[in-house]
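Student: Compute the structure for the input listed below.
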Amino acid sequence: MLRTLLVLVALMVTGCGETVPDPVADGTSTNRSARILLLGDSMMAVNRLGGASVADVIEDELGQEVIDRSIIGARYFFGIPLTGQYKAGNWDWVVLNGGGNDLLFGCGCRRCDGTLDRLVSADGRKGAIPSFVAKIRKSGAKVAYVGYLRNPGVQTPIKSCGPAGNELDRRLTLMSRFDAGVTFLPMSDLVPFGDRSYHGLDLIHPSVKGSRGIGQRIAALIGKST
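Tutor: Just a heads-up that it's a prediction; the model follows:
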């Protein structure tokens, strides 16, 4: 319970001042030239106010506009629905993450077999995530599903989420093998052991350096396909 409260506080603090994108303000309904759409939770959304979010980094690396609809606290079940961020368009790429908040708040990152199965089955074929990805793929867009950062090797409020996160990565890797237009992009190896600089003060969300590392890895994947 204490860990959950700490995470809730961290989310509230990190989210202060963040704006929630809408179809007009973020250009989804009006900008026909943008070809990259980014969805997801706080891993994508933090550092937006300083122009240093994951989407900002992708834009800088590729020289292409990115429509960022990620929202702090988003998840597949309950609360803020991640699937509601998607808007049909002439996208070349849809970049997204998600599932971490479902594991954290849905089952406390413990005894999460049921939640994992709802997100993506053990064989990678069924669940909320494969269904959502299939919906996006029907538009013709390629999908980059991004994994989560890992614990930097110190005690953090979400250290217990490691095993569930590893299993989620395994299932998402399987999911991506069924469609050449889907790539699972892990972030589990981005943070060197003992290096806190990739995380913010809460040791949960990415620091500016962390967002830069995530964005650069995504940009490298998209750049290879163009």
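Student: Just the element for residue 95, please.
Tutor: Using DSSP states H and E, residue 95 falls within strand 93-96.
Student: do residue 91 as well
Tutor: Residue 91 belongs to no helix or strand, assigned by DSSP H and E.
Student: Spatially central residue in this protein, please.
Tutor: In the chain, the residue lying closest to the centroid (Cα atoms, centre = their mean) is residue 97, at 2.5 Å.
Student: Contact partners for it?
Tutor: Residue 97 sits next to 39-41, 43-44, 145-148 when contact means Cβ atoms under 8 Å, 6 or more residues apart in numbering. Where you see a C-beta, it was placed from the backbone N, CA and C, and this is true even at glycine.
Student: buried set for the strand holding residue 95?
Tutor: Applying a neighbour-count criterion of 16 or more other Cβ atoms under 10 Å, one finds 93-96 buried in strand 93-96.
Student: now swap in stretch 76-83 and tell me
Tutor: Residues 76, 82-83 are the ones in stretch 76-83 that count as buried (16+ other Cβ under 10 Å).
Student: just stretch 181-201 next, same as before
Tutor: Buried residues in stretch 181-201, counted by 16+ other Cβ under 10 Å: 182-187, 190-191, 198-200.
Student: Most neighbours among the contacts of residue 97, which one is it?
Tutor: For the contacts of residue 97, neighbours were counted using other Cβ atoms under 10 Å, and residue 44 has the most, 30 neighbours in all.
Student: what about it, helix or strand, and which?
Tutor: helix 42-45.
Student: got the contact list for that helix?
Tutor: Under Cβ under 8 Å, 6+ apart, the answer for helix 42-45 is 11, 14-15, 18, 38, 53-55, 68, 70-74, 96-97, 100, 146, 148-149, 205-206, 214.
Student: if we can go back for a sec, chain center to the strand holding residue 95, what's the gap?
Tutor: Here the centre of strand 93-96 is set off from its chain's centre by 10 Å, with Cα atoms, centre = their mean, to the nearest Å.
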